[in-house]
Structures are given as C-alpha cells and as structure tokens.
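Undergrad: Kindly return the folded structure for what I paste below:
(2 chains)
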2 protein chains.
Amino acid sequence: MTSDVFELVNNPEIDIVIELIGGYTLAKELVLKAIENGKHVVTANKALIAVHGNEIFAKAREKGVIVAFEAAVAGGIPVIKAIREGLAANRINWLAGIINGTGNFILSEMREKGRTFEDVLAEAQALGYAEADPTFDVEGIDAAHKLTILASIAFGIPLQFDKAYTEGITKLTTADVNYAEALGYRIKHLGVARRTDAGIELRVHPTLIPADRLIANVNGVMNAVMVNGDAAGSTLFYGAGAGMEPTASSVIADLVDVVRALTADPTNRVPHLAFQPDSLSDHPILPIEACESAYYLRIQAKDHPGVLAQVASILSARGINIESIMQKEVEEQDGLVPMILVTHRVVEAQINEAISALEALEDVVGSVVRIRVEQLN
Amino acid sequence: MTSDVFELVNNPEIDIVIELIGGYTLAKELVLKAIENGKHVVTANKALIAVHGNEIFAKAREKGVIVAFEAAVAGGIPVIKAIREGLAANRINWLAGIINGTGNFILSEMREKGRTFEDVLAEAQALGYAEADPTFDVEGIDAAHKLTILASIAFGIPLQFDKAYTEGITKLTTADVNYAEALGYRIKHLGVARRTDAGIELRVHPTLIPADRLIANVNGVMNAVMVNGDAAGSTLFYGAGAGMEPTASSVIADLVDVVRALTADPTNRVPHLAFQPDSLSDHPILPIEACESAYYLRIQAKDHPGVLAQVASILSARGINIESIMQKEVEEQDGLVPMILVTHRVVEAQINEAISALEALEDVVGSVVRIRVEQLN
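TA: Numbering: from 1, shown residues only, chains lettered A, B, ... in the order given. Now for the predicted structure:
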C-alpha cells in the first residue's frame, strides 16, 4: 500500500504491474515507466492501448517485457486471446462487435419496451451503467477504442484510433427501431472492421442486422464479438463486457499468461498485436465515404402521386438497387407518408449523393434518415 | 509421404506429430509411440482423448511433451483455450454445449419445418453430415466424448467418459418440439456438466431451453458452448463444430501454441487438463438418478374429469412443484387428452418415482414422455 504509484513501478522487487487507473495521462506515464524498469504490465485500459499502444508496445519490445490487455476489450470475454491465438491460422475477413454495454442496454430497452433514447439513458445513469457524461458510450468513442484494438490484432495493422469513424445512437428514434423490426431487422450499435482490397473499414455506428443472426439477439448490457476467418468461418464470443468481476477475470488470466511466458524466449511469445512488428501491414484505413454497406433510408414525403417514381429514379440513376420497400399510411398529424427503403450494398459516397438528391425533391420533407445495414453472413 | 505411419513417429528429425486418423486403436498406438519418442502431439481425436486421455497425458508429462487437442471439441471454436486459459481465474459452476452438429441440424429442421426425425436424418446422411451409422451422433456418444473433455478442464477432474450419461434424440417427436415451442422453449441436444456439493453432473440428453437464451438460437450444424464461471458469469463460444477447414484452424492454432511453448520450462506450460495432476479433484461423477433438473412431462390421459387432480396430487405428494401446465383439446383419432407439464427443479430419482405412479393411473394411457429442462441462467 502506497500513496505514490511511482514507488511501485520503481520498486525492484516487483515483476509485474497491473494498471487499472484508466485515462491517458497518469496511466501512460506509469505504464511507460514500468516498462522502462523492465516490468511486465497487465492493463484494462482500452483508451491507453488504442491511442498510445504503438508507442507502448515498441518500448515493451525493446525492453523484452509483455504488455497484456485482455480486459481492455469486452470485459470478461477472452476475445483477444481467441483472435490472437485461437484463430491464428485464419486470415480474418471481418469482425463485428457489440462492445459497449451501455449502448446495447439502451437499444434493447428501446426495442423491447418502446422507450425513447433519453428515457433509457436517464435510467442507465441512475443505475450506474452510464457515466454522468455518457458521451464516450453513446457517441461510440468507447466502442471505437475497442474496435481499433480488435482490428489491429485481426488484420496486422498498427493501432489507428484517429482514423476510426464513429457515429452515436443519440439520434435513433423508436420509429426507426420499429420499422427495422417490421422489416426483419434489429438495430445494434456495432463496431465493424472489414478488410477489402482498397483498405480496411473501421467504423462504429447504429446498424440494422437480420433478426435471426445470433448477434442480433445479444441484449441488455451483454457484449459479443463476431469474427469471420477464412478457415474457421464465423465464430462468436459472448459475455459480460464490463463490471468488476468480469474485468478481474481477464486481468488474472493475463497475469497467468505472463507468468507462463516468463521462462520462454521473448521472441517465442505471442506478439502484442498478433503479428511481428516487421510484418505489420500498411494497408490504409478507408475514409467512411469509401466504405461499403447496405442502407436503410426513411423518407418523409408529401402524399402526392409520383413520389415513389421520383425516389426510385434517383436511386437507379446512381446504380443503387432497392432490396425492400415499405410505404406506410399517411400520418395524421402532418399528412406526410413515411417511405422506408433498404438498398443493396453500395459505397457510402454514392448513397450520400443520392440522399442529397432525394432531399432536394419538392415532395420530400426534412432530412432523410440513413442507417447502415449489415447482413453478417 | 510414407505408407507406414510408424516411420513418422520413429523419425528423429520430426518434432511434432499431428494425428488426424480418429478411433482408439492405431491412433492410440501411434500417439503413445510419438510421446515415447519425445515428440509433441496435436490431435483432433475426441474419442481417443475422452477414453484414453488420462494414460496419454500421464505419459506426455513423464516425457516432457505437449499433447494439444483444441480440434477435438467444437471444431473451429477455440473453446479449450477459452476455458483453460481465458477463464483461468474462474471457478467454473457449469457448462452446457451444443457439441454435435448433426444432432443440432436434425432438431433445427424438425422445429423450423415440422419434419420428422427419420426424414431429416435420411437427408443429413445424403448430405454427408451424418455417418452411414449415425449412432455416435444421434445417441449422444460423440457429444459425451466432448463433454467429458470439457468437464475435465472446467472442474479439474480426471477424464471419466464411462460415467457420462447419454440419451439420444431418436425418440423426439414433432409433437413435443411444438409443445415446447408453445411453452416458450426450444429443444436442443445438450451436453451439461455441473458442479454440485454432492458431485459432478455429466449428462447428454434432449433439453428444453427458454427460447430467448442465446444458445437456444444456435441452429443448423453450428456448435456453441456456454460456460458459467464465478467471476466472468456466463460466456458463450459459437462457431462451426466440424468440417475440414474449421478443424484445420484449430489444429494449426495448436501447432503454433506448441512451438511458442518449446522454449518455456515444461513446468510453466498450461497443464493438459488445466489443473496440475496433483491438484486434480476426486469429486465423484453423479449417477443420473442423483442429477437435478426441471422436467417437461407429456401425459396422454382419457378425457375423464378428475385426471388433472390425480396427476397434481401424485406430484405434490413427492414435493414436485408445477411451473406451468398446458392441457390440449381431445385428440380426434384416439379420444385422448395430451396434458403437458413443466416442473420445478427436482432430483431425477424423484421424478422417476412420480412417473411410475402416473403411468399406473387408470386414466393415463401409455408411457409418460419426459424431457429435461434447463434455464441456463
């Protein structure tokens, strides 16, 4: 017991330092000092690893020590180990995860009970699931930290948190949750990383998933990560994503791993980012405009004949195929017709153009709601 | 390339032998000889490990070599690694798995399409999912091999395949599948291992699971293992349970693990059965009569007043509480009334007694159908 953490990392009797402080400032200084002093480190700090991991791992390698971070992603689920070791034989094609429990709790409540985002968030804060400042959770920043780490070990790329695209769940309405349901989908706040020939997609956003996919049925504060590899196919890892004991479960597993590796030649250890540093790929992270997915569009239109034809013609002119369409009755209060479409896969820049054209139509009122759709098959 | 496998295990140039033959005879001799000659072994042979693992691991320990067997359980899902390493900090309370793809395919088809067991089995054989002799799959023997292995590494007990209880899915009817559905359950062929104060439950049998549990939604040939630990809570590991490439994925992961551990002190390696041999527990495997679960009972009764009262009184006299009850209309063809009950948890010997008493009732016709129920929460 000490009131000066640096006493710990400077103590020559200590071999392994466990950092559970969080944040980038003190924690970063402490971890770097511990490594500098030849100590192994176990950490649950996703922000630190996602933002400063490249620097930390380079230093650790130089000093021949291990920095273990299973608890940094998806709490008690041993998903780092699964990807880095269990699926070592696979070329990973993509992964998709529900990796923020607060966000999933909010979306589950909205769907199951028809509650609004604001209402559930207030409850989550009262229950202690969500922080007083919920920005990290509901804007997808926390999920992007974890996704950045998962993508690095899946694809053998350096950590590039600054290039991750994040879109929150704050603007989701129960109307969209219900329309999605009617179309056979669930909305989840998903972290998606996909390898394409052009580059790596790295994005966190609300996503429609077919309701019969296993990951669409992960509810409440639970987490799950789906990983698609060329040999194993799709696997899924599910469990508690946060909490004192699930986190401790992963921290202790890391501690055991570090001790097991103590007598091994450092070059024989599992590399921090799964790949040896000289094998890391410089495959670029794609900007969101170059990412590809299907789209759910909700258009509020005036009840005039010919609107559907105009909408269809704007989409087809840009080579965007429609997979399904649902037109609701005229809404009493404003006389508008909600028109809901799901498109085939298309590059985001193209759907943006189409949306601008749709919004410019005289019979279309307000903004077009756009939510990405992933089949995950 | 050789036509004599023993040339391989006697070749001093070879460090690691991968055994993918299957069966207990030649494979056993080969593996023991490889160990004898100081070679590490990677195997996908669940029958060999479940039945002869204690002997094989003792020999391997004596010779300081590793026998890795991730591919022996649940194909491409790294579940051995997850339990043995990822959840090392946990005292495992129970685990439950869908660990035979053929059986799960048959049950999924019966539920989704209302087909009979025989009909789907014939198709599975035609598709090559099921062997010409499907006994190992549909009678639960294959699943019991895998469950035996999972239970050993979860609870730190020696492999005791001969004490596993197995009950097949051959007698399941679409009527029971539909009644289960109406009660909010799905029927899965589950391997269940649970630690109780009296001993370890180790059993494979058809099981009703609440339809909203994630594992109840694992369909087709896919596998999943749910593990409940005291720290991590419930986790689930899902993926392809068989097939050339998923199996190869696990074999190569094992190969990488063996190579990583080559330079480590043998005493620092992950023990074969997760626990050090001198820490293995002699907690007994319970006979099925001493196992506890809830029960689904289907009784065919004559349409006489007072039958329900007689049934209820037989159960209550034995302290068996009824959780839900469903009485159907009189069946046209035989004039009998199907009465479906789900009980609370009770020891199996007690339900057996109750069933004998029920079958002795004058108004009860034929055998009472009994299927175990697990809440998995």
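
Undergrad: Let me see the ranges of the helices in the stretch 251-377 of chain A.
TA: A:307-317, A:348-359 (DSSP state H, counting those that start in this stretch).

Undergrad: distance between the shortest one and the chain's centre?
TA: Using Cα atoms, centre = their mean, to the nearest Å, the distance from the centre of helix A:307-317 to the centre of the chain it belongs to is 33 Å.

Undergrad: just the angle between it and helix A:348-359, please?
TA: 150 degrees (axes from the mean of the first three to the mean of the last three Cα atoms, to 10 degrees).

Undergrad: how about helix A:307-317: buried residues?
TA: By neighbour count on 16 or more other Cβ atoms under 10 Å in any protein chain shown, the buried set for helix A:307-317 is A:V307, A:L308, A:Q310, A:V311, A:I314, A:L315. In short, each C-beta sits where N, CA and C put it, glycine included.

Undergrad: Return the alpha-carbon coordinates of it using CSV.
TA: Output in CSV follows, covering the C-alpha atoms of helix A:307-317 (Å, rounded to 0.1, in the frame of the first residue of the first chain):
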residue,chain,number,x,y,z
VAL,A,307,-43.1,10.5,-55.3
LEU,A,308,-42.1,6.8,-55.3
ALA,A,309,-41.2,7.0,-59.0
GLN,A,310,-39.0,10.0,-58.4
VAL,A,311,-37.3,8.3,-55.5
ALA,A,312,-36.8,5.1,-57.4
SER,A,313,-35.4,7.0,-60.4
ILE,A,314,-32.8,8.9,-58.2
LEU,A,315,-31.6,5.7,-56.8
SER,A,316,-31.5,3.7,-60.1
ALA,A,317,-29.6,6.6,-61.8
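
Undergrad: still on that earlier bit, out of the helices of the stretch 251-377 of chain A, which gets nearest to A:E292?
TA: Closest of the helices of the stretch 251-377 of chain A to A:E292 is helix A:348-359, at 7.1 Å (criterion: Cβ to Cβ).

Undergrad: hang on, the earlier thing: which member of the buried residues of helix A:307-317 is positioned nearest chain B?
TA: When those are compared for distance to chain B (Cβ to the nearest Cβ), A:L315 wins out at 33.8 Å.

Undergrad: which parts of the stretch 201-350 of chain A sit against chain B?
TA: A:212, A:214, A:217-218, A:224, A:229-240, A:243, A:245-246, A:248-253, A:256-257, A:259-265, A:268-270 (Cβ under 8 Å from any Cβ of the partner chain).

Undergrad: picking up where we left off before, B:I325: which of the helices of the stretch 251-377 of chain A is closest?
TA: Closest among these, using Cβ to Cβ: helix A:307-317, at 51.4 Å.

Undergrad: What lies in contact with the closest one?
TA: For helix A:307-317, the surrounding residues in contact (Cβ atoms under 8 Å, 6 or more residues apart in numbering or on different chains) are A:299, A:301, A:321-322, A:327, A:337, A:339, A:341, A:343, A:354, A:357-358, A:361, A:363-364.

Undergrad: Is it possible to mark the buried ones in the residues you listed?
TA: Using 16+ other Cβ under 10 Å, the buried ones in these are A:I299, A:A301, A:V337, A:M339, A:L341, A:T343, A:A354, A:A357, A:L358, A:L361, A:D363, A:V364.

Undergrad: A:L336 is in contact with the first one, correct?
TA: Which is A:I299. No: counting by Cβ atoms under 8 Å, A:I299 sits too far from A:L336 to count as a contact (9.5 Å).

Undergrad: which element is A:G22 on?
TA: Assigned by DSSP states H and E, A:G22 falls within no helix or strand.

Undergrad: Compute the number of surrounding residues for the one residue in the stretch 251-377 of chain A that gets nearest to chain B.
TA: When scored by Cβ to the nearest Cβ, the stretch 251-377 of chain A has A:I252 as its residue closest to chain B, at 3.4 Å. Look at A:I252: counted by other Cβ atoms under 10 Å in any protein chain shown, it has 19 neighbours.

Undergrad: helix, strand or coil for the residue nearest in space to the middle of chain A?
TA: The centre of chain A sits closest to A:G191, judged by Cα atoms, centre = their mean, with a distance of 2.2 Å. Here A:G191 takes the strand state, with states given by DSSP: H, G, I helix; E, B strand; the rest coil.

Undergrad: That one contacts A:A154, doesn't it?
TA: No: with contact defined as Cβ under 8 Å, A:G191 and A:A154 do not form a contacting pair (11.5 Å).

Undergrad: Strands of the stretch 251-377 of chain A, residue ranges please.
TA: Residue ranges of the strands in the stretch 251-377 of chain A, as given by DSSP state E, counting those that start in this stretch, are A:292-302, A:322-327, A:336-343, A:346-347, A:369-373.

Undergrad: Fine by me, we can end here.
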